[in-house]
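> Provided below are the primary sequence and the corresponding predicted coordinates.
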Amino acid sequence: MPISLEEVRHVARLARLELDEAEVLALQGELNALLGHFADLQDIDVSGIDPAFQAMSLQNVWAQDVIQRGFTREQALRNAPTSKGGLFVVPTIIEG
Amino acid sequence: MANYLASVGMEVHAELRTQTKMFCRCPVEFGGEPNTRVCPVCLGLPGALPVPNQQAIQLVLRTALALNCQIAMHSTFHRKNYFYPDLPKGYQISQYGDTNPIGFNGYLDLPSGKRVHIRRVHLEEDTGKLIHESDFSGMDFNRAGVPLMEIVTEFPPDISNSVEAKEYIALLRQTLIYLGVCDGKMEHGSLRCEPNISIRETGSDRFGTKTELKNLASFRAVQLGVQFEVARQATVLEGGGAVIQETRGWDESKEASYSMRAKEEENDYRYFPDPDLMPMQFEQNEVDRLRDALPELPVAKRNRYIQSLGLSDYDADVLTAEVERANYFEEVVAAGIEPKQACNWMNSDLAMLLNDADESFGASRIAASELAGLLSMIDSGEISGKIAKQVLRDMFATGESARQVVERKGLTQVSDESAIRLIIQNVIQDNPAAVENYRAGQQNVLGFFVGQVMKASQGRANPETVQRLLRELINS
Ligand SMILES: [Zn+2]
């Protein structure tokens, strides 16, 4: 089922991408080509095969609950475009 | 006004009592200077790899078992994608699906007898804290990645009014504290309750539009908030309006809800399995072991205190309200003290002292073994109950044991008959008129004499010996 222009716009909005109409059209073509490959995969008979969501066969990879120090505040904020009072400054957001 | 039925679903988030975060080993202590408990993982820096906290997984398993859930023997983590400044990675790690969350299809029986079905108990991570200063907004990521357990009730909801909503959150909180999985501090936000509320006309089988309530920092707020929201929605419908699906905040001072934001236009989180995290596979024997190791839960404990220990409903409620008080009580009883006596001393004299000092049974400066020591001195007749009250106050003030206080102040009960006899003779001599009254048939004067003798002995005379000798001497 080909992807509609509206669906392209929807996905772009979710990803916070601002696209002009030409880009929307171009991406529709590219996404449809991609989905075409998945459609081919859909045709393969997988009955009797367990679903696998991971590429590796590992499981239960866990860590002990023991503190290890990470960054100092200076290290944490070093790459922030703007910081103030020990905080990462972000665009002001009005709730409500 | 038409008759309306309310339906209340409950979504509860509990911060787990671990030392470290969910996917990195940064510490989770409350408070701390902003951005001092962070690392590449919880800041979402490129290339950082999360590793789940085994202890957090165990705590969720315990909770799921205590809430009578089925356990997903195979369970995975998903990415929930959305943009907000408090989420450095651009997604929250959570668990998606009906039978994938660690626990599903459970229930909690309320004291009223109502069974509340639980849809899911899953594991996720907390977000950072957005701080609004006067001239800018900033992020503190100390809470980002703290292990968070979400407990969601089943739909259609079993809870149909504000009292049941309060009963549910109160029992759930108590249960989580008993299990040791969460500190339950609603005022600090380590336990957060977000009810969703809808109403429909009696007889209708179509559920109304629901609103979600946030910022409920106490049981009372949960009850008042749900009550307010039910009434507000009824007023909207009666006025010919429609309830809007939205998130509403609770204003504690105004005791009213206010609109925070309409549900995001796109509730499209595009969940998918997190490729950085390997699946969890639980073994049946491990689950059985955890189930066997569950502590006695509040309702069972309360019933045992009433049925096996012979306590009143009220006493059992007070003792089991906090697990620390229940543990303290059980230690005193284990030391050989009569349950009723242990309960009376704890809930009156000791509770008052702790209360005045703003302390709790969990951190009581008089240990359970020390209280037991005091009460056993009453049982053995070494001190009277009245003296014991004074001794308890001294123990609290000085940190001494009961025996140390009694010996230092010479408070042991006088049972030596010759000593008591002497005191009685003096009291009789000093009160000839009262003796006449007694001999004239006024039996109640005996109480006066007992009082005088006890006073003269500074409360140390054995009351039974006093009674017996008084009758003997006053009649001679
Ligand atoms: Zn970290």
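Yep, it's here. Numbers count the residues shown, from 1 in each chain, chains lettered A, B, ... in the order given.

> Determine the longest helix present in chain A.
Criterion DSSP state H: the longest helix present in chain A is helix A:21-42.

> One more: chain B?
helix B:219-238.

> Contacts made by it with the rest, please.
B:1-2, B:4, B:6, B:8, B:161-163, B:165-166, B:169-170, B:173, B:186, B:193, B:195, B:197-199, B:208, B:211, B:213, B:215-216, B:242-243, B:248, B:250, B:252, B:255-257 (C-beta atoms under 8 Å, 6 or more residues apart in numbering or on different chains). For glycine as for every other residue, the C-beta is placed from the backbone atoms N, C-alpha and C.

> Near residue B:115, how many other residues are there?
Look at residue B:115: counted by other C-beta atoms under 10 Å in any protein chain shown, it has 11 neighbours.

> Ok, residue A:68 next?
11.

> Check residue B:26 too.
26.

> so what's it up against?
Counting by C-beta under 8 Å, 6+ apart, residue B:26 touches A:67, A:68, A:69, A:70, B:20, B:37, B:38, B:39, B:41, B:42, B:145.

> Could you do residue B:102 as well?
Per C-beta under 8 Å, 6+ apart, neighbours of residue B:102: B:57, B:60, B:61, B:64, B:71, B:72, B:75, B:95, B:121, B:122, B:123, B:280.

> That one and residue B:475, how far apart?
Taking C-beta to C-beta, to the nearest Å as the measure, residue B:102 falls 78 Å from residue B:475.

> between the helix or strand that the longest helix of chain B is followed by and helix B:219-238, how big is the angle?
The helix or strand immediately downstream of helix B:219-238 is strand B:246-251, counting by DSSP states H and E. On the basis of axes from the mean of the first three to the mean of the last three C-alpha atoms, to 10 degrees, strand B:246-251 is oriented at 130 degrees to helix B:219-238.

> Model confidence at the residue nearest to the spatial centre of chain A, what's the number?
Centroid-nearest residue in chain A: residue A:15, 7.9 Å away (criterion: C-alpha atoms, centre = their mean). Here, the pLDDT recorded for residue A:15 equals 86.

> For chain A, which segments count as helices?
According to DSSP H, the helices that chain A contains are A:5-14, A:21-42, A:73-77.

> Between these, which one is closest to the ion.
When those are compared by C-beta to the ion, helix A:73-77 sits nearest the ion, at 9.6 Å.

> Is there any residue in that closest one that contacts the ion?
No: judged by C-beta under 5 Å from the ion, helix A:73-77 makes no contact with the ion; its nearest approach is 9.6 Å.

> List the buried residues of that helix.
Buried residues in helix A:73-77, defined by neighbour count with 16 or more other C-beta atoms under 10 Å in any protein chain shown: A:73, A:76, A:77.

> Pick the one among the residues you listed closest to residue B:452.
Comparing the buried residues of helix A:73-77 against residue B:452 with C-beta to C-beta picks out residue A:73 as the nearest, at 72.3 Å.

> Next to the ion, which bits of chain B? Give me the list.
With the criterion set to C-beta under 5 Å from the ion, chain B comes near the ion through B:24, B:26, B:39, B:41, B:42.

> Which of these fall in strands?
Using DSSP state E, no member of those falls within strands.

> Columns distance to residue B:85 and pLDDT on top of those residues, output as TSV?
Conversion of these to TSV gives the following (distance: C-beta to C-beta, whole Å; pLDDT from 0 to 100):
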residue	distance to residue B:85	pLDDT
B:24	20	98
B:26	19	97
B:39	19	97
B:41	18	97
B:42	15	97
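
> What subset of the contacts of helix B:219-238 is buried?
Taking 16+ other C-beta under 10 Å as the criterion, what is buried in the contacts of helix B:219-238 is B:4, B:6, B:8, B:161-162, B:165-166, B:169-170, B:173, B:186, B:193, B:195, B:197-199, B:208, B:211, B:213, B:215-216, B:243, B:248, B:250, B:257.

> ok, back up a step: could you check whether the longest helix of chain A is close to chain B?
No: figure legend: helix A:21-42 not in contact with chain B (C-beta under 8 Å from any C-beta of the partner chain); closest approach 13.9 Å.

> Just the buried positions in that helix, please.
A:27, A:28.

> Give me the residues contacting that helix.
Against helix A:21-42 from outside (C-beta under 8 Å, 6+ apart): A:1, A:2, A:3, A:4, A:5, A:8, A:9, A:12, A:19.

> Please report which of the residues of chain B next to the ion has the highest neighbour count.
Of all these, the highest neighbour tally under other C-beta under 10 Å goes to residue B:42, namely 30 neighbours.

> Correct me if wrong: it contacts residue B:27.
No: between residue B:42 and residue B:27 there is no contact under C-beta atoms under 8 Å: 11.0 Å.

> Pull up the overlap in contacts between those two.
Common neighbours of residue B:42 and residue B:27 (C-beta under 8 Å, 6+ apart) are residue B:21.

> pLDDT on the longest helix of chain B, on average?
Mean predicted confidence for helix B:219-238 is 96.

> Check stretch B:339-352 too.
Per-residue pLDDT values over stretch B:339-352 give a mean of 96.

> swap in stretch B:69-81?
Averaging pLDDT along stretch B:69-81 gives 96.

> for that stretch, how far is the first residue from the last?
End-to-end distance for stretch B:69-81, by C-alpha to C-alpha, to the nearest Å: 27 Å.

> List the residues that contact residue 55.
With no chain named, the answer covers chain A. Residues counted as contacts of residue A:55 (C-beta under 8 Å, 6+ apart) are residue B:275.

> not quite, I wanted chain B
Residue B:55 makes contacts with A:64, A:65, B:16, B:18, B:19, as judged by C-beta under 8 Å, 6+ apart.

> Just the buried residues from those residues, in ChimeraX please.
Applied in ChimeraX, the following selects the buried portion of the contacts of residue B:55 according to 16+ other C-beta under 10 Å:
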select /A:65 /B:16,18
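
> Identify the residue of the stretch 51-200 of chain B closest to chain A, quick one.
The stretch 51-200 of chain B approaches chain A most closely through residue B:138 (2.7 Å), counting by C-beta to the nearest C-beta.

> what helix or strand is that residue on?
In the assignment (DSSP H and E), residue B:138 maps to strand B:137-140.

> so how far is that strand off the chain centroid?
In terms of C-alpha atoms, centre = their mean, to the nearest Å, the gap separating the centre of strand B:137-140 from the centre of its chain is 32 Å.

> which stretches of the chain aren't confidently modelled?
Answering for chain A, as no chain was given. A:1, A:93-96 (pLDDT under 70).

> Oops, wrong one, chain B.
Looking at chain B by pLDDT under 70, you get B:1, B:261-266, B:415.

> Ramachandran angles for residue B:213?
phi -110, psi 140 (degrees, to the nearest 10).

> Please name the nearest non-neighbouring residue to residue 82.
Chain wasn't specified; assuming chain A. residue A:89 (4.0 Å; C-beta to C-beta, 6 or more residues apart in numbering or on different chains).

> Switch to chain B, please.
In space, and not counting its chain neighbours, residue B:82 is closest to residue B:269: 6.0 Å by C-beta to C-beta, 6+ apart.

> The one you found - how many residues pack around it?
Residues near residue B:269, counting by other C-beta under 10 Å, number 17.

> sec struct for it, please.
coil (DSSP: H, G, I helix; E, B strand; the rest coil).

> Okay, and which of the buried ones among the contacts of helix B:219-238 map to strands?
Those of the buried ones among the contacts of helix B:219-238 lying in strands (DSSP E): B:4, B:6, B:8, B:193, B:195, B:197-199, B:211, B:213, B:248, B:250, B:257.

> and those residues, which two are the farthest apart?
Based on C-beta to C-beta, the longest span within those runs between B:4 and B:193 and measures 22.5 Å.

> picking up where we left off before, name the nearest of the contacts of residue B:102 relative to the ion.
Using C-beta to the ion, residue B:123 is the member of these that lies nearest the ion, at 16.7 Å.

> Alright, calling it a day.
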